[in-house]
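Participant: could you look at this predicted model? Sequence included:
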Amino acid sequence: MDINNIKIDDVPTTAEELKAYDEKFPKNKQQDIDAKMAKEREKFLAKQPSDKEMEENMVEHLKQIYDPELPVNIYDLGLVYNIECWTNEVSMLKMCKITMTLTSATCSFSQVIVDLVKSIVSRQSGLENIDVDIVFDPPWGQDKMTDEAKLAMGLL
């Protein structure tokens, strides 16, 4: 086994590989590497928004997505029922689930709206994935709209 071809993340599977691995990465060197990786992880995590901050960021992004048929964003329309964000334990990036509805079950722009919501991933640092769950219970109604949305629609 060529000791120069061994990488730190290789997993030795034979006694010969283990010996070569231990020669290249002695225990004290491995501990140094582990400590350095732990520090890098801490720095990375310190830069990441909390779950609550990510949920607030999602609201701001959702307020920039307008229903293609109406002059109001989907958040103020009351289409978004719930936003839940959490940290992926492996990647340490955020995952979000957005539970929302549409103005009608036959909305011709449903896929466009879902795609726009999912595209937030490309604009939000630290976000790995958004799962969009479309529900129709409870059904959407004008009572779910904010006063700003009702004013924009001429309902106030």
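Facilitator: Looks like it arrived, so ask away. Numbers count the residues shown, from 1 in each chain.
Participant: quick one: the helices in the chain?
Facilitator: In the chain, the helices defined using DSSP state H lie at 15-24, 27-47, 51-62, 110-118, 147-152.
Participant: now the angle from the second one to helix 15-24?
Facilitator: When axes from the mean of the first three to the mean of the last three Cα atoms, to 10 degrees is applied, the directions of helix 27-47 and helix 15-24 differ by 70 degrees.
Participant: care to break the protein down by domain?
Facilitator: As recorded under automatic domain parsing, the domains making up the chain are 11-47, 51-152.
Participant: by mean pLDDT, point me to the weakest helix or strand of this protein.
Facilitator: Least confident helix or strand, the chain: helix 27-47 with a mean of 76, by mean pLDDT, DSSP states H and E.
Participant: how far does that one sit from its chain's centre?
Facilitator: Here the centre of helix 27-47 is set off from its chain's centre by 24 Å, with Cα atoms, centre = their mean, to the nearest Å.
Participant: same question, stretch 128-138
Facilitator: Stretch 128-138 has its C-alpha centroid displaced from the chain centroid by 13 Å (Cα atoms, centre = their mean).
Participant: what's it in contact with?
Facilitator: 58, 81, 88, 91, 93-102, 105, 110, 114, 117-118, 120-121 (Cβ atoms under 8 Å, 6 or more residues apart in numbering). Any C-beta I mention is one placed from the backbone N, CA and C, and that applies to glycine too.
Participant: tell me the mean pLDDT for it?
Facilitator: If you average the pLDDT over stretch 128-138, you get 95.
Participant: and that stretch, what's buried?
Facilitator: 130, 132, 134 (16 or more other Cβ atoms under 10 Å).
Participant: and if you look at stretch 52-63?
Facilitator: Those would be 54, 55, 57, 58, 61, 62, for stretch 52-63 by 16+ other Cβ under 10 Å.
Participant: do the same with stretch 4-15
Facilitator: By neighbour count on 16+ other Cβ under 10 Å, the buried set for stretch 4-15 is residue 6.
Participant: for it, give me every contacting residue.
Facilitator: The contact list for stretch 4-15, computed with Cβ under 8 Å, 6+ apart, reads 17, 18, 20, 21, 24, 25, 33.
Participant: what's the burial count for the first one?
Facilitator: Meaning residue 17. Residue 17 is flanked by 14 other residues according to other Cβ atoms under 10 Å.
Participant: brilliant, that's me finished.
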